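Peer 1: Got a sequence here, can you model it:
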Amino acid sequence: MIRLEKFLESDCDPLIALVPDARLLLQWAGPNYRHPLDAIQLKRTLAKAAGEQPSVKVFKAVLRTTSQVVGHIQLMNIDYTRACCRIGRVMIFPDYQGTGLGKEMVRLAAREAFDTLGLVEITLGVFDFNKAAIATYQSLGFKEYRLKMGAFTFRDEAWNLMEMKLTVTP
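Peer 2: I've put the predicted structure just below:
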């Protein structure tokens with residue numbers, strides 16, 4: 001259905017257009033990007049994706065049949081010594097939500113981490129109100145290992161962050 005391709009500078013503007021407000025930006029990217037999202041912030045991330053052992057791998061999800069970009073995902077905090085990373089900034093574009101492509105995208109990112117990079121553990125954080133994402137991660141074998149109550153605030157709301165992990169078993 002989809003394949004992961006390297007996210008390029010030319011992909012910045014279409015992604016930025018899908019993150020119109022501070023609430024969605026925090027939900028999607030956490031606190032490391034500031035509203036309004038711009039190409040400068042994304043290019044800083046892309047700079048970390050360079051080299052032989054980058055700390056970040058940034059992908060776009062592309063439909064195999066049409067090459068239409070349908071999502072975005074990152075492998076972050078890649079630690080080659082400890083053989084672990086974090087999946088983050090996961091987004092299936094609105095027209096493709098509810099189609100199973102999100103699950104496929106996360107599955108492909110996990111395969112990249114485990115099979116290509118040789119890692120043994122992936123973690124991620126998801127806000128506990130994001131039930132669809134939690135169900136997707138659980139269906140792929142991710143298990144909750146910590147709940148951070150009030151981890152983030154947005155205006156007058158406190159958001160709880162569920163930490164999940166997936167480990168390769170020998």
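
Peer 1: Looks to me like Ile40 is in a strand.
Peer 2: No: secondary structure of Ile40 (DSSP: H, G, I helix; E, B strand; the rest coil): helix, not part of a strand.

Peer 1: just checking, what packs against the longest helix seen in the chain?
Peer 2: Counting by DSSP state H, the longest helix found in the chain is helix 101-111. Packing partners of helix 101-111 (3 or more CB pairs under 8 Å, 6 or more residues apart in numbering; DSSP states H and E): strand 2-6, strand 57-63, strand 69-79, strand 84-92, helix 131-139. C-betas here are computed from N, CA, C, even on glycine.

Peer 1: for that helix, what is the average pLDDT?
Peer 2: Averaging pLDDT along helix 101-111 gives 98.

Peer 1: That one: how far from the chain's middle?
Peer 2: Computed by CA atoms, centre = their mean, to the nearest Å, the chain-centroid distance of helix 101-111 equals 10 Å.

Peer 1: Tell me which helix or strand comes right after that helix.
Peer 2: Counting by DSSP states H and E, the next helix or strand C-terminal to helix 101-111 is strand 121-127.

Peer 1: Remind me what that following strand packs against, helices and strands.
Peer 2: If you count contacts as 3+ CB pairs under 8 Å, 6+ apart, strand 121-127 packs onto strand 84-92, helix 131-139, strand 157-167.

Peer 1: For this structure, give me the ranges with low pLDDT.
Peer 2: For the chain, the stretches with pLDDT under 70 are 170.

Peer 1: re the thing from before, nearest to Ala151 among the helices and strands packed on helix 101-111 would be which one?
Peer 2: The closest of the helices and strands packed on helix 101-111 to Ala151 is strand 84-92. By CB to CB, the value is 14.1 Å.

Peer 1: That closest one pairs with which strands, and in what direction?
Peer 2: If you go by DSSP bridges, strand 84-92 pairs up with strand 69-79 (antiparallel), strand 121-127 (parallel).

Peer 1: hang on, isn't Glu144 packed against Glu163?
Peer 2: Yes: using CB atoms under 8 Å, Glu144 makes contact with Glu163 at a distance of 7.0 Å.

Peer 1: Looking at the two, which is more packed in?
Peer 2: Counted by other CB atoms under 10 Å, Glu144 and Glu163 do not tie: Glu163 has more neighbours, with 17 against 14.

Peer 1: got the contact list for the more buried one?
Peer 2: Contact partners of Glu163, counting by CB atoms under 8 Å, 6 or more residues apart in numbering, are Thr123, Leu124, Gly125, Glu144, Tyr145, Arg146, Leu147, Lys148.
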